[in-house]
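Visitor: sequence first, predicted model second:
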Amino acid sequence: MKSSIIRKLSIPVLFIIISIIYFLGIDSIDIGYDEGVFGAKFVPTITVSLMFTFIVIDIIKSFKEDKIFEIKKIEFKPIIIFTTATIMYLIFFNLFGYLLSTPLYVFIVYVCFSDGKISIIKATLTSIIVTTIFYFLFSVIFNVRLPIFLGS
Amino acid sequence: MDMFSAFISSFSTILQPEVLGYMISGFLIGTFFGAMPGLTSVLAIALLLPITYSLDVVSALVMCSSIFMAGMYSGSITAITINIPGAPSSVMTAVEGNALMKKGYGANALGHAALGSMVGGVIGVLLLVFLAPLTAKLSLYIQTPGKFSLILFSLIVIIISHKGFITRAAIASLMGIMIASIGIDVMQPISRFDYGTEALMEGIEMMPLIIGVFAISEIIYQTQVGKLHLNIDDDAKKIRRRDFFPKISEIKAIGFWTYLKSSIIGYMVGVLPGAGGSVAAFISYADAKRKSKKQQEYGSGSREGIAAAESANNSMCGGAFVPMLVFGIPGDPTTAIVLGVLMINGLQPGVRLLENQVDLIAPMFASLFISALILIPLTLFILGPYFIKIVSIKRSILYPCIAVVAIVGSYVATYSMFQMSMAIVFGLIAFLMRANNYPTVPLLLGYVLGPGLEQYFRRSMSLNDGNPSIFITNLDSLFFILLTFVFVYFLVIKKEKRN
């Protein structure tokens, strides 16, 4: 029961936080040339006001209705592993280049999506093959300049 | 050059080896993503969008349109063979097609789905070619207040089309508008919501939003749903090419009128914002069932039902391009991404695009046409017996590939660490939204339509010295406001009264 309330309120709370940050940002908008009331601040003010209104309506409705969530129970472990791996990939991609960072990333995502026993050899082979295929696709076919090795 | 002549002459462009290669590869990618449960053609276009930066505009548009058409058709493959619709637009096809599959007519059902898609796709493109210039001419009469009301109408229709989740769709749209307002103002050279940081001054680009909402969130979502057990029985594995061809007697029994009417319904639904292929398929299916002489067949393997649903969802592809090309208003995520391709290449939707730069747009129509007429039956014939093997690819191989393309793609598109990290942030937000029954498509459409909405509103107000009566005194604006009320009445108020 308690977890259901937390779940129901999670998105509205997230949106309320974003809306408060947004609302605080309205005040610091430079007016520029005079457009009267309907200047650079007007639409953001209306938008955020509507946002607050709809969030309140949504909270009330979500407690009145008992709709089943699309995902019944969120497993945070794979989300944390995938997100951390992706953030690390972004950093390593910029620091060490595509060829070093991508096999590591593919390896981790492979493990994330493996059902049952994980074969290290298969995971290593997959990461090398995927890295090579997409390097060829981006660099050779689409002529995209990728950081190759140690940022070069 | 008029549209029809440009359309005819654009076939020579399509036949250039490079463009042809992009069209065929786009079609195959779209077929794979459409057929694979959990993946969609929208994800395919989102992943390929960064790559289109390195392509010329014609190749990029040709590739996107062939993905769109292929994705709409290929959802029927898994719908029929294993009763799991590859795309939401194939739900009705699953009902009838899988029933035929169980009776031993799976290949025949696939053939009818391909034929329906082919006829619907072709009719949709022809209607697009003939009607888009007319709509474009009409659009010239719409003035600034009318443009505001038209965008407002589109946004509201997109929101109310999310039956049961209207408040949440409104929240998602508003979130999109808020994200779009970060950066340089639409009217003045001033920065908004930068919070003193240089990175936010440039605003948040469309690419990280698309990659985050459609690719990253999908990967995170797939970590939750676990392995999808495909119950593939022996019949699904033993599909033979010779059984694909629908019999003349079966086609005659369905009747040309069913194909034509379903295609017209699909096209009209496509023009409406937010409706999409699933609505088109459902309306046509329901209409065909109501008028059918063989109503008892529906639910237990009706070829007519498959033909109606597939004609409609593929014809919808043609209709969906009309509001995007004429008004710059995309009605669904696919056309929103195609609009992004146009804008990246400096093309502004509207009459000028359809008149002065028709040579760039017409190959896209030709690609839709060839995809429907030739590539759908050809792909079924060549790859048909192997479809099941193709969609049985391991998740542990598929998702690392998608993740690499998404992340490298966002790098290629922005070359900015900040924008790349935004893709992860949006991915997480979109996943949480999906998991808690918040629609994510209005987020993207709010982002795309928000700046136009604000710009036309402020221009209208400055034209009328800050008096909002301009939205009622201006006839075209009044028309769209009244149209909005009509839609709200029929789709929300009347439905609630009926329930």
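Guide: Received it, and whenever you're ready, just let me know what you need. Residues are numbered from 1 along each chain as shown, chains lettered A, B, ... in the order given.
Visitor: contact partners for whatever residue of the stretch 1-150 of chain B ends up closest to chain A?
Guide: Per CB to the nearest CB, B:Ser54 is where the stretch 1-150 of chain B lies closest to chain A, at 4.7 Å. C-beta: built from backbone N, CA, C; applies to glycine. Shown in contact with B:Ser54 (CB atoms under 8 Å, 6 or more residues apart in numbering or on different chains): A:142-144, B:412.
Visitor: show me which of those is closest to B:Met433.
Guide: Checking those against B:Met433 by CB to CB gives B:Val412 as the nearest, at 26.3 Å.
Visitor: wasn't the closest one part of a helix?
Guide: Yes. Looking at B:Val412 with DSSP: H, G, I helix; E, B strand; the rest coil, it is inside a helix.
Visitor: which residue is nearest the centroid of chain A?
Guide: For chain A, the residue nearest the mean C-alpha position is A:Thr83 (8.1 Å; CA atoms, centre = their mean).
Visitor: I'd like the next helix or strand past the helix or strand of chain A with the lowest mean pLDDT.
Guide: Every helix and strand in chain A was compared by mean pLDDT, DSSP states H and E; the lowest is helix A:2-27, with a mean of 89. Next helix or strand after helix A:2-27 toward the C-terminus (DSSP states H and E): helix A:42-64.
Visitor: buried ones in that next one?
Guide: For helix A:42-64, burial by neighbour count (16 or more other CB atoms under 10 Å in any protein chain shown) applies to A:42-44, A:47-48, A:50-51, A:54-55, A:58-59, A:62.
Visitor: pLDDT and distance to chain B for those - can I get that in JSON lines?
Guide: Shown next, in JSON lines, are those (pLDDT from 0 to 100; distance: CB to the nearest CB, whole Å):
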{"residue": "A:Phe42", "pLDDT": "93", "distance to chain B": "7"}
{"residue": "A:Val43", "pLDDT": "94", "distance to chain B": "4"}
{"residue": "A:Pro44", "pLDDT": "96", "distance to chain B": "6"}
{"residue": "A:Thr47", "pLDDT": "97", "distance to chain B": "5"}
{"residue": "A:Val48", "pLDDT": "97", "distance to chain B": "7"}
{"residue": "A:Leu50", "pLDDT": "97", "distance to chain B": "6"}
{"residue": "A:Met51", "pLDDT": "97", "distance to chain B": "5"}
{"residue": "A:Phe54", "pLDDT": "96", "distance to chain B": "5"}
{"residue": "A:Ile55", "pLDDT": "96", "distance to chain B": "6"}
{"residue": "A:Asp58", "pLDDT": "94", "distance to chain B": "5"}
{"residue": "A:Ile59", "pLDDT": "93", "distance to chain B": "10"}
{"residue": "A:Ser62", "pLDDT": "87", "distance to chain B": "9"}
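Visitor: quick one: B:Ser300 is in a strand?
Guide: No. Going by three-state DSSP, the assignment for B:Ser300 is coil, not a strand.
Visitor: could you pull up the residues touching it?
Guide: B:Ser300 neighbours (CB under 8 Å, 6+ apart): B:Ala99.
Visitor: now do B:Leu360
Guide: Taking CB under 8 Å, 6+ apart as the definition, contacts of B:Leu360 comprise B:57-58, B:61, B:347.
Visitor: lowest-confidence entry in these?
Guide: Of all the contacts of B:Leu360, B:Leu347 carries the smallest pLDDT score, 86.
Visitor: does that residue touch B:Val57 like I think?
Guide: Yes. When contacts are counted by CB atoms under 8 Å, B:Leu347 is listed as touching B:Val57 (6.8 Å).
Visitor: show me what the one helix or strand B:Glu250 maps to is packed against.
Guide: Following DSSP H and E, the helix or strand that holds B:Glu250 is helix B:248-254. Applying 3 or more CB pairs under 8 Å, 6 or more residues apart in numbering or on different chains; DSSP states H and E, we find helix B:248-254 packed against helix B:106-139, helix B:303-327.
Visitor: what about 7 Å?
Guide: helix B:303-327 (3 or more CB pairs under 7 Å, 6 or more residues apart in numbering or on different chains; DSSP states H and E).
Visitor: top of the contacts of B:Ser54 by neighbour count?
Guide: Ranked by the number of neighbours (other CB atoms under 10 Å in any protein chain shown), the contacts of B:Ser54 place B:Val412 first, at 20 neighbours.
Visitor: any idea how far the closest residue to that one other than its chain neighbours is from A:Ile129?
Guide: In this structure, B:Val412 finds its nearest non-sequential neighbour in B:Pro50, 4.4 Å apart by CB to CB, 6 or more residues apart in numbering or on different chains. Applying CB to CB, to the nearest Å, the value for B:Pro50 to A:Ile129 is 22 Å.
Visitor: who's more crowded, the two?
Guide: For B:Pro50 versus A:Ile129, neighbours defined as other CB under 10 Å are more numerous around B:Pro50 (24 against 14).
Visitor: list the contacts of that one.
Guide: B:Pro50 is in contact with B:207, B:409-410, B:412-413, counting by CB atoms under 7 Å, 6 or more residues apart in numbering or on different chains.
Visitor: please identify which pair of those residues lies farthest apart.
Guide: So, the contacts of B:Pro50 by CB to CB: farthest apart are B:Met207 and B:Val412, at 9.0 Å.
Visitor: just the element for B:Leu200, please.
Guide: helix B:198-201.
Visitor: quick check: next helix or strand after that helix?
Guide: Following helix B:198-201 in sequence, per DSSP H and E, is helix B:206-210.
Visitor: mind checking how far that following helix is from the chain centre?
Guide: 16 Å (CA atoms, centre = their mean, to the nearest Å).
Visitor: what of stretch B:200-216?
Guide: Distance, centroid of stretch B:200-216 to centroid of chain: 19 Å (CA atoms, centre = their mean).
Visitor: now do the end-to-end distance for that stretch.
Guide: 21 Å (CA to CA, to the nearest Å).
Visitor: ok, residues contacting it?
Guide: B:42-43, B:46-47, B:49-50, B:179, B:182-184, B:191, B:193-194, B:337, B:340, B:402, B:406, B:409-410, B:413-414, B:419-420, B:422-427, B:430, B:440, B:443-444, B:447.
Visitor: could you give the number of residues near the closest residue in space to A:Ile148 that isn't next to it in sequence?
Guide: Closest residue in space to A:Ile148, ignoring its immediate chain neighbours: A:Gly97 at 5.0 Å, by CB to CB, 6+ apart. Per other CB under 10 Å, the neighbour tally for A:Gly97 reads 17.
Visitor: got a pLDDT number for A:Gly97?
Guide: 88.
Visitor: check the one 10 residues further on too.
Guide: According to the predicted model, the pLDDT of A:Phe107 comes to 94.
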